[in-house]
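Participant: The sequence and its predicted three-dimensional model are supplied below.
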Amino acid sequence: MARMVDLATTTYWWVAGDTEPTTATAVNAGVNISAYVTSATKIGPVASDTVSEKSITDTSNAVVPIIGNYEGNLVLFRDLTSGAPTANDPMTTIGAASGVVGWVIKRVGFASTVAATSSHKVDKYKFMTDTPQPSGGEGDGYLKVVIPLLQQGTFKLQAALT
């Protein structure tokens with residue numbers, strides 16, 4: 001069994017808009033934010049909502065998943081020149097306000113410099129941004145921004161790009 005070290009093998013794209021990016025071209029047209037993503041970022045599925053109703057004749061519990069859940073919280077390095085955000089700064093490419101709808105596309109297994117192709121499988125999560133929370137003035141490392149992400153009802157794991 002081939003094994004891969006989880007080091008520089010994950011790519012994140014932000015694709016703005018409501019429309020699900022289904023092609024490699026659509027994903028590559030988004031912004032590759034990988035160089036700005038910190039290890040504190042959390043994007044992925046979490047425990048489903050469940051129902052556990054039973055009849056009066058059942059002798060044990062049965063828990064059934066009914067709604068899939070996912071979460072998102074981007075923690076990103078800022079990109080500033082002379083104190084001003086550059087064109088690549090996350091608050092420029094993703095948004096400096098809440099309410100921006102888009103897709104976080106996550107691919108594992110290739111360097112972030114490798115463009116998406118139709119042979120790649122990706123995880124896709126639709127989000128709306130909450131209010132960005134820039135850091136600074138605490139003297140505790142690089143300048144960053146936390147962008148909380150709100151679920152928008154759609155995610156797909158290992159979706160094949162066309």
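Facilitator: On my side now, so go ahead.

Participant: Specify the beta-bridge partners of residue 84.
Facilitator: residue 81 (DSSP bridges).

Participant: Looking at the chain, which strand is longest?
Facilitator: Ranked by number of residues, the top strand in the chain under DSSP state E is strand 144-160.

Participant: List the buried residues for it?
Facilitator: When neighbours are counted by 16 or more other C-beta atoms under 10 Å, the buried residues of strand 144-160 are found to be 144, 145, 146, 147, 148, 149, 151, 152, 155, 159. Yep, even glycine has a C-beta here, placed from its N, CA and C like the rest.

Participant: Can you lay out these as JSON lines showing distance to residue 100 and pLDDT?
Facilitator: Putting these into JSON lines (distance: C-beta to C-beta, whole Å; pLDDT from 0 to 100) gives the following:
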{"residue": "144", "distance to residue 100": "18", "pLDDT": "93"}
{"residue": "145", "distance to residue 100": "13", "pLDDT": "95"}
{"residue": "146", "distance to residue 100": "15", "pLDDT": "96"}
{"residue": "147", "distance to residue 100": "9", "pLDDT": "97"}
{"residue": "148", "distance to residue 100": "12", "pLDDT": "97"}
{"residue": "149", "distance to residue 100": "10", "pLDDT": "97"}
{"residue": "151", "distance to residue 100": "14", "pLDDT": "96"}
{"residue": "152", "distance to residue 100": "11", "pLDDT": "97"}
{"residue": "155", "distance to residue 100": "18", "pLDDT": "96"}
{"residue": "159", "distance to residue 100": "22", "pLDDT": "97"}
